[in-house]
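Peer 1: everything below, folded, please.
(2 chains)
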Amino acid sequence: MAVLAGRSTDAVAWERARSRRRSRRRRLPLLPALVFTIVVTQIPFLLTIWYSLQSYNLYHPYTRHFAGLSNYTLIFTDSIFRTALVNTVVLTLVPVLASLLLGLGIALLLDRKVLGRGLLRTLITSPFLVMPAAAALVWKFTLLDTQFGLLNFVLGPLGARHTDWINDHSKLTIITVLTWQWTPFMVLILLAGLQSQPGDVLEAARVDGAGPWQIFRSMTLPHLRQYLELGVVLGSIYVVQAFDAIFMITGGGPGQQTTNVPYYLYEAAFRSFDIGRASAMGVVVVAITIVIATFALRTISGLFSDQGMEGRL
Amino acid sequence: MSAPALTRPAPAASPSRGPARRRRRRGGLAGAALGLLTWLVVLLFFFPVAWMALTGFKHESDAATSPPRFAFSPTLAQYQSAVGKAGPYLTHSVLIAVLSTLIVLALALPGAYALSVAPVRKWRDVLFFFISTKMLPVAGAIIPLYVIARNLHLLDTLIVLIILYASMNLPIAVWMIRSFLLEVPSGILEAVRVDGAPFLRQLRSVVLPLIAPGMAATALICFIFAWNEFFLAVNLTTSNAATVPVYLVSFQTGEGQFWAHLCAGATLACLPVLLAGWAAQDKLVRGLTMGAVK
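Peer 2: Purely as a prediction, here's the structure:
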């Protein structure tokens, strides 16, 4: 009896060891990527929180000391920071929604039989591919320049011959450039969504006498919902960080009209070298993004389950 | 053919023909008008890119004029001088983008394997951990990165950008490669696994060839993101490792007066990614959505 019991414990132990070995063998290929990602992406964030609790200026490194939450009181009583927060919301929401709507329109147009569709697709993706810094320069000078810019030339007959877009309509300028840049992103996602519609169901609806608008509202739009959500959340995550266009075109100005939080953080860190204050802003940006990211992860998780990717494993 | 994007063993080939064929019968005048509208809208979006490339072929005297000149005698002078001036920056960008992409692929392939073919426990959590790192803004990390790089004397070196761009692209690559691995018929990989060859050899000689096109697309997308990155490059490099976006900053003020030269430089800066993007077009959406949409 005792022998038998002993043997079965052995067997259990052996089985356990084997499964441990197996899971270790399975884990091994993952470790380099995981460790690398944790070290390079997580440690800096923890340090940002740590720095945000200190009074720390790179110009005066020896006066560095623990400062509690004073950096946070500093930034939240700073009217420029509050302006930057509002600007961040405006300069994220408007371009994302505008590019979503334009993207939906263009995706619907491209989902038809049209001459040279492959070429059209290639052309429409280009604004998203070009280097944002390069595009910003082209907009700033050749398109929006007051005197020689193409836009004023085109709008000349409408009486807008001398509009100073960059200074008098700075927010609109940044919004336009960001929308131009992100519309192709939306087109690609929504076009993939449109093309994943089951064709036979649409055909059946048409045979049953449903009009195009009816089909769009009651079938296409619900089907596209996930794709629209994905476009909004991923777009927001990237656009909330917008920096290139602001840096190149307006420099956050005039005044603070186009200063968003990332740009203000850049100024605090790399013009004033105020590490503590800039870090506190960094923490705030992360906090805002986490809210969006939660939605993003939920959407991706939804798409992920729908694709039945798990069924296989 | 009906639902190419969401059924799992998605045939990669031309998922676009279905709806088009369905509508062939409707056509007529309305169809032609919509076709024309499509072309107009797309060309409007493409116009700034075309105008940039075109202005690069102008003499300075034709570049900033009122009214703008659409007909001019072209010259290659601007492009030639831009190649010369941008030379070192282009070299840095190529080195950084290529090397970081190679690191990403080397880390991501085994990682993706361990999250799909022979999954670790809690693979789902790991997968979502990777993607969540992509969602944290770089502004939240730039200050420690700057301080650490400064203390380690890594400011303005190729290494710092190579490491950071690798970490920036790794989550995308893991997700993308995983989605390609899942498309390989499971029998094949299963057979290889019981075969008992050393893991790395299996990976190289069997798995890699099976998903080679997917790996290439992943590489192109990582290259694009690394090439275009601006924030880290501007803050962490000045000259020795300055990339193309940093070169463009010099046009922001003084040199911005010379539009033809500026446009030639900007076109040159965009050319590699435009080519890479056009080459990876079919897989672009998968990269942009971390494999969530095919």
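
Peer 1: what's the nearest residue to B:Leu145 if we skip its chain neighbours?
Peer 2: A:Pro44 (5.3 Å; CB to CB, 6 or more residues apart in numbering or on different chains). C-beta coordinates here come from the backbone N, C-alpha and C atoms, glycine included.

Peer 1: do the same with A:Leu194
Peer 2: Closest to A:Leu194 by CB to CB, 6+ apart is A:Asp111, at 4.4 Å.

Peer 1: now the host helix or strand of the residue nearest to B:Leu145: buried residues?
Peer 2: Per DSSP states H and E, A:Pro44 falls inside helix A:43-52. For helix A:43-52, the neighbour count (16 or more other CB atoms under 10 Å in any protein chain shown) marks A:44-45, A:47-48, A:51-52 as buried.

Peer 1: distance check, B:Ala279 against chain A.
Peer 2: Look at B:Ala279 and chain A: by CB to the nearest CB, to the nearest Å, they are 10 Å apart.

Peer 1: neighbours around that residue, how many?
Peer 2: 13 (other CB atoms under 10 Å in any protein chain shown).

Peer 1: same check, this time on B:Gln252
Peer 2: Residues near B:Gln252, counting by other CB under 10 Å: 18.

Peer 1: could you look up the SS state of it?
Peer 2: Under DSSP: H, G, I helix; E, B strand; the rest coil, B:Gln252 falls in the coil class.

Peer 1: my read: it touches A:Met248, true?
Peer 2: Yes - using CB atoms under 8 Å as the test, B:Gln252 is close enough to A:Met248 to be in contact (5.5 Å).

Peer 1: next, count neighbours for the closest residue to A:Gln226 other than its chain neighbours.
Peer 2: Leaving aside its chain neighbours, A:Gln226 sits nearest to A:Leu303 (5.7 Å; criterion: CB to CB, 6+ apart). By the measure other CB under 10 Å, the count of residues near A:Leu303 is 19.

Peer 1: so which two of the buried residues of helix A:43-52 are the farthest from each other?
Peer 2: Pairwise distances across the buried residues of helix A:43-52 (CB to CB) peak at 12.4 Å, for the pair A:Pro44 and A:Ser52.

Peer 1: go through the host helix or strand of A:Val89 and flag the buried ones.
Peer 2: Element membership for A:Val89, per DSSP H and E: helix A:79-110. Using 16+ other CB under 10 Å as the test for burial, helix A:79-110 gives A:81, A:83-85, A:87-88, A:91-92, A:94-96, A:98-100, A:102-110.

Peer 1: tell me which residues touch A:Leu30, please.
Peer 2: B:110-111, B:114-115, B:120, B:126 (CB atoms under 8 Å, 6 or more residues apart in numbering or on different chains).

Peer 1: need those in CSV with pLDDT and secondary structure, can you?
Peer 2: Shown next, in CSV, are those (pLDDT from 0 to 100; DSSP: H, G, I helix; E, B strand; the rest coil):
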residue, pLDDT, secondary structure
B:Pro110, 92, helix
B:Gly111, 93, helix
B:Ala114, 89, coil
B:Leu115, 89, coil
B:Val120, 83, coil
B:Val126, 89, helix
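
Peer 1: quick one: low-confidence parts of the chain?
Peer 2: All of this is about chain A. Scanning chain A with the threshold set as pLDDT under 70 gives A:1-8, A:305-313.

Peer 1: not quite, go with chain B.
Peer 2: Scanning chain B for pLDDT under 70 picks out B:1-27, B:192-196, B:254-256, B:291-292, B:294.

Peer 1: so which residue is smack in the middle of it?
Peer 2: By CA atoms, centre = their mean, chain B has its centre lying nearest to B:Ile224, at 2.4 Å.

Peer 1: which SS class is it?
Peer 2: B:Ile224 - assigned by three-state DSSP - is helix.

Peer 1: same check on A:His162?
Peer 2: Assigned by three-state DSSP, the conformation of A:His162 is coil.

Peer 1: check the burial of it by counting its neighbours.
Peer 2: Residues near A:His162, counting by other CB under 10 Å, number 9.

Peer 1: before we move on, back to that, and for B:Gln252 and A:Met248, which residues touch both?
Peer 2: A:137, A:140.

Peer 1: OK, contacts around B:Arg181?
Peer 2: You called it Arg, but residue B:181 is Leu. Applying CB under 8 Å, 6+ apart to B:Leu181 gives the contacts B:112-113, B:116-117, B:189, B:207, B:211.

Peer 1: dump those to CSV, plus secondary structure.
Peer 2: Formatted as CSV, those follow (three-state DSSP):
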residue, secondary structure
B:Ala112, helix
B:Tyr113, helix
B:Ser116, coil
B:Val117, coil
B:Leu189, helix
B:Val207, helix
B:Ile211, coil
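
Peer 1: out of the residues you listed, which is most surrounded?
Peer 2: In terms of neighbours by other CB under 10 Å, the contacts of B:Leu181 top out with B:Ala112 at 30 neighbours.
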